[in-house]
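**Student:** compute the structure for the input listed below.
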Amino acid sequence: MPQSATITQHQFLTMAVNLLHKAFFENERAAAKSLYRSISSGEVRQLTRVKMEDGETADFALALDASEYVGKLPFSAFRNSLNALLQNLVVALKDEEKVKSFEEENSTTTLFGVFGVTKFNGEALVLALSADMNRPNLGTILKLMYLEPTQFLDSSPDKNEDS
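**Tutor:** Numbering: from 1, shown residues only. Presented below is the predicted three-dimensional model:
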């Protein structure tokens, strides 16, 4: 297997933001909606091949894990979630922050700690980005994941309406 180029987290997230923005906001709506339909049905779709500064190439694919979302999620709600996530990532990148990330032990998957929080039909939606860095034939998979929103709700007692 070829040695993969090492890039910083900032470079990686900048690339991911640009690829996702291009796929869903710069692309024709019909093409973006078609891509959404295929990833929401469980497909992993090839996005692009990027030529790195050192001459190496890196393949990027896209997947969606909506298993924490119950019901049918329309394209417009997905785009709103993705827009919120991308805006929050851009803010973190502009602030030159090191984004908190979480790696599972013995895994090549990294979950980034920046979230897109929106509402759809009165329910909170929390979209996150993870990356599976070592998938033969697919390269890096950018995986958009809906997370269980209740873990992000403020449950401190002073916010209780009954007090």
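
**Student:** nearest residue to the middle of this structure?
**Tutor:** Nearest to the geometric centre of the chain sits L129, at 2.6 Å (C-alpha atoms, centre = their mean).

**Student:** am I right that that one is in a strand?
**Tutor:** Yes: remark: L129 belongs to a strand, assigned using DSSP: H, G, I helix; E, B strand; the rest coil.

**Student:** neighbours of L89, how many?
**Tutor:** Close neighbours of L89, defined as other C-beta atoms under 10 Å, add up to 22. Placement of C-beta: from N, CA and C, glycine included.

**Student:** state the distance from it to L142.
**Tutor:** According to C-beta to C-beta, to the nearest Å, L89 and L142 sit 12 Å apart.

**Student:** any shared contact partners between these two?
**Tutor:** 16, 129 (C-beta atoms under 8 Å, 6 or more residues apart in numbering).

**Student:** returning to that earlier point: my guess is the residue nearest to the centre of the chain contacts L147. True?
**Tutor:** No: here L129 does not reach L147: they are 10.9 Å apart, not a contact under C-beta atoms under 8 Å.

**Student:** the residue lying closest to L64 once chain neighbours are set aside sits in which helix or strand?
**Tutor:** Once flanking residues are discounted, L64 sits nearest to I39: 4.1 Å by C-beta to C-beta, 6 or more residues apart in numbering. Using DSSP states H and E, the element containing I39 is helix 29-40.

**Student:** show me where the protein has strands.
**Tutor:** Counting by DSSP state E, the segments of the chain that form strands are 45-51, 57-65, 101-103, 109-120, 123-135, 139-147.

**Student:** partner strands of the first one, with direction?
**Tutor:** Applying DSSP bridges, strand 45-51 is found paired with strand 57-65 (antiparallel).

**Student:** quick one: distance of the strand it pairs with to the chain centre.
**Tutor:** Taking C-alpha atoms, centre = their mean, to the nearest Å, one finds the center of strand 57-65 at 10 Å from the center of the full chain.

**Student:** what of stretch 26-46?
**Tutor:** Mean C-alpha position of stretch 26-46 versus that of the full chain (C-alpha atoms, centre = their mean) differs by 14 Å.

**Student:** span of that stretch from start to end?
**Tutor:** Using C-alpha to C-alpha, to the nearest Å, one end of stretch 26-46 lies 17 Å from the other.
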